[in-house]
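S.K.: From the sequence below, what's the structure:
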Amino acid sequence: MTDTYDIIRSVLTGSFLVPEAELGPEATLEQLEPDSLALAEFALILDERLGVKIEAEHATRTTTLAEVTEYVDTLRASDTVTAP
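M.R.: Predicted structure coming up:
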């Protein structure tokens, strides 16, 4: 979980300029104040960096960072990855 979680945090701080202090496992994507386009971009960046396709229902405003991490780790473990 640590590697995936760190990558997710890096995406949020680097691409979306979310202050690191606001990022904890229980923070929801809603707390980060994204619009629907930002959520789609977040999913796309994770696809590019981690090789997994995030379905929309797994990156909603109520999804926590821990839940996103767990979902991505599950996809990566099951080899449900997209071509780089």
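
S.K.: Please enumerate the helices of this protein.
M.R.: Here the chain has its helices, by DSSP state H, at 2-14, 36-50, 65-77.

S.K.: ok, and which of these has the densest surroundings?
M.R.: Ranked by average neighbour count under the criterion mean count of other Cβ atoms under 10 Å, those are headed by helix 65-77 at a mean of 18. Quick note: C-beta positions are derived from backbone N, CA and C, even for glycine.

S.K.: For the helices of the chain, give me a markdown table that also has mean pLDDT and distance to A59.
M.R.: Formatted as a markdown table, the helices of the chain follow (pLDDT from 0 to 100; distance: least, Cβ to Cβ, whole Å):
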| stretch | mean pLDDT | distance to A59 |
| --- | --- | --- |
| helix 2-14 | 91 | 10 |
| helix 36-50 | 91 | 5 |
| helix 65-77 | 94 | 6 |
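
S.K.: Among these, which comes closest to L23?
M.R.: Using Cβ to Cβ as the criterion, the shortest distance between L23 and the helices of the chain is 5.2 Å, found for helix 2-14.

S.K.: Understood, closing this out.
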